[in-house]
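Participant: got a predicted structure plus its sequence, pasted below:
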Amino acid sequence: MRVSLPFEWMVALRFLREGRMQTFLILAGVTGGVAVIVFLTQLITQLQASIVDRVLGSQAHVVIRPLEEANSRALDPASSSAIVEPRAQRLKSIDQWEAVMRAAAETPQVVAVSPVATGPAFAVRGQANKSVALLGVDAERYRRIVRMDENMTRGRFEVEGTRTLIGIELAKDLGVTVGDKIRIVTADRRDEQLTITGLFDMGNKDLNRRWVFVTLKLAQSLLDLPGGVSNIDLTVTDIFAAKDVAARLQASTNLTVDSWMTTNAQLLAALRNQTVSNNLIRSFVTLIVALGIASVLVVSVV
């Protein structure tokens, strides 16, 4: 029994069989268009992932800080109007930071929490001195926020006692290496002699020149934060949900909570522009391929 095909299928099969060159051109056009779309999508995706990984490889996704001190108002005798005078922001600790840290750890999508005591200081070696950022951390907790083990060029990411870890650029500036000693001096003249036990390279010269890691207890003593911390760093599961997590934490703690999406607004705008450009290119490629196929079919029909 002979099975008859519908008219549309019969015409399509005859076209494919008789117009082999046209069939080949159509398949080549579709293949080329799909290949271009796949290549561009993969390229943009990998580029964005590399940029985000490099930026977030040296910072927390969400940071909790104390509230800034309110500006003071003064009366201008000449005009009888109020003048807002910005108040200098002092280094201060988060009130009841342990309770805040526990609450942050229980927040959905938060996977790691680390207390940090950080503030300005000077690293001194002989006649050389450099302005640095002193970071007091719990190494076990902090390595879950920033992948410091991958950035170590010498030694391990461990701090205890008066041992310290510094960047390779700071080591060059001070002319020191592992095993040497430097002195850390804070603004209120507190100082401590530290032994360098490791060097790191964050892929950022500014961070390599400024960051000096010590124990949390030692930083609290040098920065006059007895038992306190200056900020709490968090890591979340979905980096693009960091803004929502920060908003929830700010509402529940009444503290200053910033996400990487706020502090890196220009980077986020660049990523969005890349996504828009990728979508436009894919749309134009699809349209061009479709017009090419349509032109071949129209000519065949005519």
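Facilitator: Received it, and whenever you're ready, just let me know what you need. Quantities reported herein were computed from a predicted structural model and do not represent experimental measurements. Numbers count the residues shown, from 1 in each chain.
Participant: in the helix or strand hosting Val289, what's buried?
Facilitator: Per DSSP states H and E: Val289 is located in helix 265-301. Across helix 265-301, burial judged by 16 or more other CB atoms under 10 Å covers Leu268, Leu271, Gln274, Asn278, Arg282, Val285, Val289, Gly292, Ile293, Val296. Every residue, glycine included, has its C-beta placed from N, CA and C.
Participant: and that helix, what does it pack against?
Facilitator: Counting contacts by 3 or more CB pairs under 8 Å, 6 or more residues apart in numbering; DSSP states H and E, helix 265-301 packs against helix 20-56.
Participant: what's the spacing between stretch 225-235 and its chain's center?
Facilitator: 19 Å (CA atoms, centre = their mean, to the nearest Å).
Participant: can you get me the start-to-end distance on it?
Facilitator: 24 Å (CA to CA, to the nearest Å).
Participant: in it, what counts as buried?
Facilitator: Quick answer for stretch 225-235 (16+ other CB under 10 Å): Leu225, Gly228, Val229, Ser230, Asn231, Ile232, Asp233, Leu234, Thr235.
Participant: now the buried residues of helix 265-301 as TSV including pLDDT and distance to Gly32?
Facilitator: Output for the buried residues of helix 265-301, formatted as TSV (pLDDT from 0 to 100; distance: CB to CB, whole Å):
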residue	pLDDT	distance to Gly32
Leu268	72	33
Leu271	76	28
Gln274	76	23
Asn278	79	18
Arg282	80	13
Val285	79	9
Val289	76	7
Gly292	74	10
Ile293	73	11
Val296	68	14
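Participant: which two of those have the greatest separation?
Facilitator: Within those, two members stand farthest from each other by CB to CB: Leu268 and Val296, at 43.1 Å.
Participant: could you pull out the strands in this structure for me?
Facilitator: Shown for the chain, the strands assigned by DSSP state E span residues 62-65, 72-76, 81-85, 110-125, 128-137, 152-154, 163-167, 181-185, 191-200, 211-215, 231-236, 256-259.
Participant: let me know which of those strands is the nearest to Met21.
Facilitator: If we rank the strands of the chain by CB to CB, the stretch that ends up nearest is strand 231-236, at 55.7 Å.
Participant: between strand 128-137 and the closest one, find me the angle.
Facilitator: Angle of strand 231-236 versus strand 128-137, following axes from the mean of the first three to the mean of the last three CA atoms, to 10 degrees, is 60 degrees.
Participant: so which elements touch strand 231-236?
Facilitator: strand 62-65, helix 97-105, strand 110-125, helix 242-253.
Participant: buried ones in the longest one?
Facilitator: In this case it means strand 110-125. So for strand 110-125, counting by 16+ other CB under 10 Å, buried means 110, 112-119, 121-125.
Participant: ok, the residues you listed vs Ser50, which is closest?
Facilitator: Closest approach to Ser50 among the buried residues of strand 110-125 (CB to CB): Ala112, at 22.1 Å.
Participant: what stretches of the stretch 1-150 of the chain score poorly on pLDDT?
Facilitator: By pLDDT under 70, the low-scoring segments of the stretch 1-150 of the chain are 1-4, 19, 69-90.
Participant: ok, Leu267 touching Val55?
Facilitator: Yes: counting by CB atoms under 8 Å, Leu267 does reach Val55; the two are 6.0 Å apart.
Participant: which ones are touching the residue most central in space within the chain?
Facilitator: Closest to where the C-alpha atoms of the chain average out (CA atoms, centre = their mean) is Leu56, at 2.3 Å. Leu56 sits next to Ile239, Trp260 when contact means CB atoms under 8 Å, 6 or more residues apart in numbering.
Participant: same thing with Leu267?
Facilitator: Leu267 neighbours (CB under 8 Å, 6+ apart): Ile51, Val52, Val55.
Participant: at 7 Å instead, please
Facilitator: Val55 (CB atoms under 7 Å, 6 or more residues apart in numbering).
Participant: quick one: it and Gln250, what's the gap?
Facilitator: Counting by CB to CB, to the nearest Å, the separation of Leu267 from Gln250 is 21 Å.
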